[in-house]
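Novice: Build me a model:
(4 chains)
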There are 2 protein chains.
Amino acid sequence: MKPLGKTAQTLADTFLELAMERGYNAVSYADLAKRLGIRTASIHYHFPTKSDLGVTVLRLYKEATFKAVSATTPDNPQSYRVAFENMLGPVRSLARIDEASCLVGVLGAEFASLPEDIKKDVRVFFNEQEQFLTHLLGEGRTAGAFAFEGEAKDMAKMIASTLQGAILIKKARGDCGYMDSILEDLHRMIMPPSVSTGST
Amino acid sequence: MKPLGKTAQTLADTFLELAMERGYNAVSYADLAKRLGIRTASIHYHFPTKSDLGVTVLRLYKEATFKAVSATTPDNPQSYRVAFENMLGPVRSLARIDEASCLVGVLGAEFASLPEDIKKDVRVFFNEQEQFLTHLLGEGRTAGAFAFEGEAKDMAKMIASTLQGAILIKKARGDCGYMDSILEDLHRMIMPPSVSTGST
DNA sequence: GTCTATAAGATGATAGAC
DNA sequence: GTCTATCATCTTATAGAC
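Specialist: The predicted structure follows:
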């Protein structure tokens, strides 16, 4: 929606970075203040409460995650594969940072301890991700872009779960290469035999 | 190793329950004291520091997870399938509790904020799980119990990641049925066409 | 083993000056 | 927008009585 001011944006960026490493509960205003060289009171000017900050960061994260998704064209099979690859973009970025994992996954892990606003947004994220993937896979299969057995929704759940788990294990093991075989396997799982692995 | 006293055991059980819902950082001695009807000082008698408690709980969790794994018999294909199903036992239990997810996954999500002892144990857990699954799948395939393409290690990573991610998403969405299709899909992924889904 | 009492520090947050 | 000062509360942890 409305663009953040410079300090607010830096605060959001920093909070995201730390939360992806430690979790929501382990990031304090004091941590952010130290990083930016300001006082904690100044942060409250931009984000009155911690949950305000969390909601904003989650909103930006969601926008970044779904913006990469180009519009698909029913008569062009290739467009579905492009959309799928776009969806993987942020994942591939995260895969290279060994201390970080998906913000939404982290929040999911801490779920019961989160403020109500954030709980809601995490649920919405997973719902929308599943819907997006289900449509992409279902319509893409009809268009001949993908090939797999069973329901599109079940494949969407498989892919979302595998990515989420892999990125988490990658972080805990500090192994940047962990996701390589996973991404290839997922690719193989939905691509017709003719399509080769599109690694970046 | 050494069995815990009654209070220590209850403390460990309660900590596990709460940590699987909220994360490690969001469970305090005050929470435990309230639950057991004792004072926080009493908890320090059983577990001097919080990381002592965490390490103990993680050890018990690991033992419960791996104990279900029966010894496999190379000349009996069925024994590999039994071992695989035993491994899924704890997962199926967790799948039915909608507020809970895997302790190790939760700790993985909070990784950078954890005490060093616990970080180490989390890493060891994931390492051993991968090794166990790799051997089970590899030798099981040789024995004719499983059928899949590619390296056993890659399939082990797929399965571990998918389970971890699915159980996390299940918790965030509060959807007990979420894992049903996932477990069936994983089954289908490694079982020869003749073997039907062994649902509990 | 459990208690009271207490400490020392962190935490999220506010009021009001500049 | 950022600061100082201050707050109430929570957090892990210890000393010592019962």
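Novice: anything in the top helix by length along chain A sitting right up against DNA strand C?
Specialist: Ranked by residue count under DSSP state H, the longest helix found in chain A is helix A:116-142. No: applying Cβ under 7 Å from any atom of the strand, one finds helix A:116-142 separated from DNA strand C by no less than 11.3 Å. Any C-beta I mention is one placed from the backbone N, CA and C, and that applies to glycine too.
Novice: What count of nearby residues applies to residue A:105?
Specialist: By the criterion of other Cβ atoms under 10 Å in any protein chain shown, residue A:105 has 26 neighbours.
Novice: Do you know the pLDDT at it?
Specialist: Per-residue pLDDT puts residue A:105 at 99.
Novice: One more: residue A:196?
Specialist: 68.
Novice: ok, now residue A:72?
Specialist: Residue A:72 is given a pLDDT of 77.
Novice: Do I have it right that it meets residue A:139?
Specialist: Yes: the pair residue A:72 and residue A:139 qualifies as a contact (Cβ atoms under 8 Å) at a distance of 6.9 Å.
Novice: Find the residues that touch each one of the two.
Specialist: residue A:80 (Cβ atoms under 8 Å, 6 or more residues apart in numbering or on different chains).
Novice: Extract the residue ranges of chain A that are flagged as low pLDDT.
Specialist: A:196-200 (pLDDT under 70).
Novice: the helices in it, which residues?
Specialist: A:6-22, A:29-36, A:40-46, A:50-67, A:77-96, A:103-109, A:116-142, A:152-173, A:178-190.
Novice: Mean neighbour count, those: which tops it?
Specialist: helix A:103-109 (a mean of 27; mean count of other Cβ atoms under 10 Å in any protein chain shown).
Novice: which residues sit against it?
Specialist: A:16, A:19-20, A:23-24, A:57-58, A:61, A:114, A:118, A:122, A:125-126, A:164, A:167-168, B:23, B:101, B:105-106, B:108-110, B:165, B:168-169, B:171-172.
Novice: Residue A:29 contacts residue A:40, correct?
Specialist: Yes: between residue A:29 and residue A:40 there is a contact at 4.2 Å, judged by Cβ under 8 Å.
Novice: Tabulate the helices of chain A in TSV, adding columns for distance to DNA strand D.
Specialist: TSV is the format used below for the helices of chain A (distance: least, Cβ to the nearest atom of the strand, whole Å):
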stretch	distance to DNA strand D
helix A:6-22	4
helix A:29-36	7
helix A:40-46	3
helix A:50-67	13
helix A:77-96	28
helix A:103-109	17
helix A:116-142	17
helix A:152-173	21
helix A:178-190	30
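Novice: As CSV, those with distance to residue B:86 would be great.
Specialist: Listed next are those as CSV, based on distance: least, Cβ to Cβ, whole Å:
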stretch, distance to residue B:86
helix A:6-22, 34
helix A:29-36, 43
helix A:40-46, 50
helix A:50-67, 37
helix A:77-96, 32
helix A:103-109, 25
helix A:116-142, 30
helix A:152-173, 20
helix A:178-190, 24
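Novice: so which of those helices comes closest to residue B:2?
Specialist: helix A:152-173 (27.5 Å; Cβ to Cβ).
Novice: That closest one close to chain B?
Specialist: Yes: for helix A:152-173, a contact with chain B is found by Cβ under 8 Å from any Cβ of the partner chain, at A:153-154, A:157-158, A:160-166, A:168-169, A:171-173.
Novice: helices or strands up against that helix?
Specialist: The elements that helix A:152-173 packs onto, with contact taken as 3 or more Cβ pairs under 8 Å, 6 or more residues apart in numbering or on different chains; DSSP states H and E, are helix A:77-96, helix A:103-109, helix A:116-142, helix A:178-190, helix B:103-109, helix B:116-142, helix B:152-173, helix B:178-190.
Novice: how close does residue A:25 get to residue A:120?
Specialist: Relative to residue A:120, residue A:25 is positioned 18 Å away (Cβ to Cβ, to the nearest Å).
Novice: likewise residue A:39?
Specialist: 31 Å.
Novice: before we move on, what about residue A:154?
Specialist: 26 Å.
Novice: now swap in residue A:92 and tell me
Specialist: 28 Å.
Novice: burial measure for the closest residue to residue A:79 other than its chain neighbours, as a count.
Specialist: Leaving aside its sequence neighbours, residue A:79 sits nearest to residue A:73 (Cβ to Cβ, 6 or more residues apart in numbering or on different chains; 4.4 Å). Residues lying near residue A:73 (other Cβ under 10 Å) number 13.
Novice: what's the answer for residue A:74, then?
Specialist: Residues near residue A:74, counting by other Cβ under 10 Å: 11.
Novice: need the contact list for it.
Specialist: A:139, A:143.
Novice: Need phi/psi at residue A:75.
Specialist: phi -90, psi 0 (degrees, to the nearest 10).
Novice: do you know how far the closest residue to it other than its chain neighbours is from DNA strand C?
Specialist: Excluding its sequence neighbours, the residue lying closest to residue A:75 (Cβ to Cβ, 6+ apart) is residue A:143, at 7.4 Å. To DNA strand C, residue A:143 is 48 Å away according to Cβ to the nearest atom of the strand, to the nearest Å.
Novice: pretty sure residue A:143 contacts residue A:78?
Specialist: No: applying Cβ under 8 Å as the test, residue A:143 and residue A:78 come out as separate, 9.3 Å apart.
Novice: Need the overlap of contacts for these two.
Specialist: Counting by Cβ under 8 Å, 6+ apart, nothing touches both residue A:143 and residue A:78.
Novice: circling back to that earlier point, can you report how many residues lie near the residue nearest to residue A:75?
Specialist: 18.
Novice: mind checking how far it is from residue A:149?
Specialist: 17 Å.
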